[in-house]
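Participant: I'd like to go over a predicted model; first the sequence, then the structure.
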Amino acid sequence: MAAIAPLADAVAHVVRDGDTVAFEGFTHLIPFAAGHEVIRQGRRDLTLVRMTPDVLYDQLIGAGCARKLVFSWGGNPGVGSLHRFRDAVQHGWPRPLELEEHSHAGMANRYVAAASGLPFAVLRGYTGTDLPAQTANISSVTCPFTGEVLTAVAALRLDAAVVHAQRADRHGNVQLWGITGVQKEAVLAASRSLVTVEEIVDELEPRPGAVVLPSWVVDYVSVAPGGAHPSYAHDYSVRDNDFYQAWDEISRDRDRFAQWLEGVA
């Protein structure tokens with residue numbers, strides 16, 4: 001059963017130095033508050049995993065938390081590049097960053113395989129690309145029924161998964177809705193998990209299309225109103241477009257980024 005705990009305590013238990021960890025969310029419900037707590041606690045040598053790493057990952061990389069990034073696309077959505085990400089790759093600042101790149105379909109299938117307890121997933125992707133030559137986690141497999149050669153991707157097992165959701169009940173059952181990505185799969189693929197929520201309620205109300213994470217698959221729940229800012233939480237907050245624009249300037253310069261980082265710490 002999930003424990004309901006303050007964010008700092010939950011992060012201390014869930015995210016550890018050297019972990020492979022995903023902070024998942026798609027367009028909204030991106031767990032910024034939890035990511036900032038990871039920065040404050042000075043976590044190091046993390047392998048960061050995300051289908052679409054954006055500003056939060058730029059911040060984690062710039063803060064020196066990451067040694068490797070496993071991803072399928074990276075950028076400041078609607079604005080441009082991630083400059084702390086680029087600086088780490090091109091100049092090794094604040095430390096060199098190892099990359100493992102996949103397609104969206106490959107990443108999603110890797111999550112599903114791990115969540116299902118399988119060693120790998122099979123798909124028809126990657127054909128005609130040079131990605132299989134760049135990573136040991138992409139291979140091929142021959143279908144035993146048709147003889148067709150397909151792509152195999154290794155299951156993406158996580159030490160820790162962190163996601164944001166709209167609400168949880170007092171037993172630690174979590175409910176999220178709106179545009180969802182692979183939050184459920186990431187939690188099921190992880191040894192430890194933390195969900196930050198906008199609020200705790202006495203009872204979860206049924207909602208069409210909502211994803212429910214039962215308390216027995218979640219380790220910690222922390223109340224963090226506005227915890228997705230500058231992204232949004234459907235029905236609770238709106239996207240802060242001005243911040244995404246401002247981040248482009250803040251992140252271009254190491255000194256300006258360092259000033260921002262002092263504000264987080």
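Facilitator: Now that the structure is in, tell me what you want to look at. Just so it is clear, the structure is predicted and the values come from calculations on it, not from any experiment.
Participant: show me where the stretch 151-265 of the chain has helices.
Facilitator: Per DSSP state H, counting those that start in this stretch, the stretch 151-265 of the chain carries helices over the ranges 183-188, 241-252, 254-264.
Participant: distance to residue 148 and mean pLDDT for these - can I get that in TSV?
Facilitator: For every residue, glycine as well, the C-beta is placed using N, CA and C. Compiled in TSV, these are given as follows (distance: least, CB to CB, whole Å; pLDDT from 0 to 100):
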stretch	distance to residue 148	mean pLDDT
helix 183-188	26	98
helix 241-252	43	98
helix 254-264	48	96
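Participant: tell me the most buried of those helices?
Facilitator: helix 183-188 (a mean of 24; mean count of other CB atoms under 10 Å).
Participant: what is it packed up against?
Facilitator: Counting contacts by 3 or more CB pairs under 8 Å, 6 or more residues apart in numbering; DSSP states H and E, helix 183-188 packs against strand 20-24, helix 104-115, strand 158-169, strand 211-213.
Participant: please repeat the previous calculation with a cut-off of 10 Å.
Facilitator: strand 20-24, helix 104-115, strand 158-169, strand 174-176, strand 190-201, strand 211-213 (3 or more CB pairs under 10 Å, 6 or more residues apart in numbering; DSSP states H and E).
Participant: output these as TSV; include the columns distance to residue 56.
Facilitator: TSV is the format used below for the helices and strands packed on helix 183-188 (distance: least, CB to CB, whole Å):
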stretch	distance to residue 56
strand 20-24	6
helix 104-115	17
strand 158-169	10
strand 174-176	17
strand 190-201	12
strand 211-213	20
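Participant: for residue 256, which of those is the nearest?
Facilitator: Of all the helices and strands packed on helix 183-188, strand 20-24 sits nearest to residue 256, with 23.2 Å by CB to CB.
Participant: any idea how far the following helix or strand past that closest one is from the chain center?
Facilitator: Proceeding N to C from strand 20-24, the next assigned helix or strand is helix 32-40, under DSSP states H and E. Computed by CA atoms, centre = their mean, to the nearest Å, the chain-centroid distance of helix 32-40 equals 12 Å.
Participant: and whatever helix or strand comes next after helix 32-40, what's its mean pLDDT?
Facilitator: Sequence-wise, the next helix or strand downstream of helix 32-40 (DSSP H and E) is strand 46-50. Across strand 46-50, pLDDT averages out at 98.
Participant: so what does strand 46-50 touch, helix or strand wise?
Facilitator: When contacts are defined as 3+ CB pairs under 10 Å, 6+ apart, strand 46-50 packs onto strand 20-24, helix 32-40, helix 55-62, strand 66-71, strand 98-101, helix 104-115, strand 158-169.
Participant: turn the helices of the stretch 151-265 of the chain into JSON lines, including distance to residue 213.
Facilitator: Shown next, in JSON lines, are these (distance: least, CB to CB, whole Å):
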{"stretch": "helix 183-188", "distance to residue 213": "6"}
{"stretch": "helix 241-252", "distance to residue 213": "28"}
{"stretch": "helix 254-264", "distance to residue 213": "27"}
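Participant: no further questions, thank you.
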